[in-house]
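Peer 1: Next comes the sequence, and after it the predicted model I'd like to discuss.
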Amino acid sequence: MKNSSHIKSKPVIATTSLAGCFGCHMSLLDIDERILQLAELVEFDKSPINDIKKISRPVDFGLIEGGCCNSENVEVLRHFRDNCKYLVSVGECAMMGGLPAMRNQLSIRECLEEAYLNSPSVQGCNEEGIIPSDDELPILLNKVYPCHEIVKIDYFIPGCPPRADLLWDVLTSLILGTSPKDQYSVFKYD
Ligand code: SF4
């Protein structure tokens, strides 16, 4: 009978989306049938992919999509840092703020007025001119921050979103402890 202490447990992955659009997670699903291989190599903890809501054990690799635009993003990111051995910024939003960081040139007041009062999509929907300010809502940060300006990030996977082949290559390299292959052919910035 095998001694269970000799059985090597699989690395654990957790993922989250902060100020992102879930496109990076969609790209991870674009590895298609390799997702079955990935499931052989790792166990998933908290992730939108399996809908597990909370980190339940020590995590080896935490994948972060999106930067930080509010207090809840910061809280989640710090929780990942505290519970993940390695943190990976996935995509331009996590690495540089991405599209949400376009608001960095404006004041918070201007952003809120555009979102709730002035944009064409709210015309006729908010006659009372209410800008939500409930205490339970996350507090907006003064600007959108890339993740590495909030916590230490160990690895970065560029792209918007990173191509599925790049995600596969980097993830399997991290999991297996090998060097990533020819990455430049699978970089994508558009
Ligand atoms: Fe979406 Fe691109 Fe940001 Fe990923 S990097 S969350 S795909 S906008």
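Peer 2: It's in.

Peer 1: what's the neighbour count on the residue in the chain positioned nearest to the ligand?
Peer 2: In the chain, the residue that lies nearest the ligand is G23 (2.6 Å; C-beta to the nearest ligand atom). C-beta: built from backbone N, CA, C; applies to glycine. Around G23 there are 18 other residues, counting by other C-beta atoms under 10 Å.

Peer 1: just V151 next, same as before
Peer 2: 17.

Peer 1: in the protein, which spans are helices?
Peer 2: Taking DSSP state H as the criterion, the chain carries its helices at 23-29, 34-41, 71-83, 92-96, 108-113, 164-176.

Peer 1: Which residue is the nearest non-sequential neighbour of T178?
Peer 2: Nearest residue to T178, sequence neighbours excluded (C-beta to C-beta, 6 or more residues apart in numbering): T172, at 7.6 Å.

Peer 1: One more: P58?
Peer 2: P58 sits nearest to N83 (C-beta to C-beta, 6+ apart), 6.5 Å away.

Peer 1: Surely that neighbour and S56 touch.
Peer 2: No. Applying C-beta atoms under 8 Å, one finds N83 not in contact with S56, separated by 9.5 Å.
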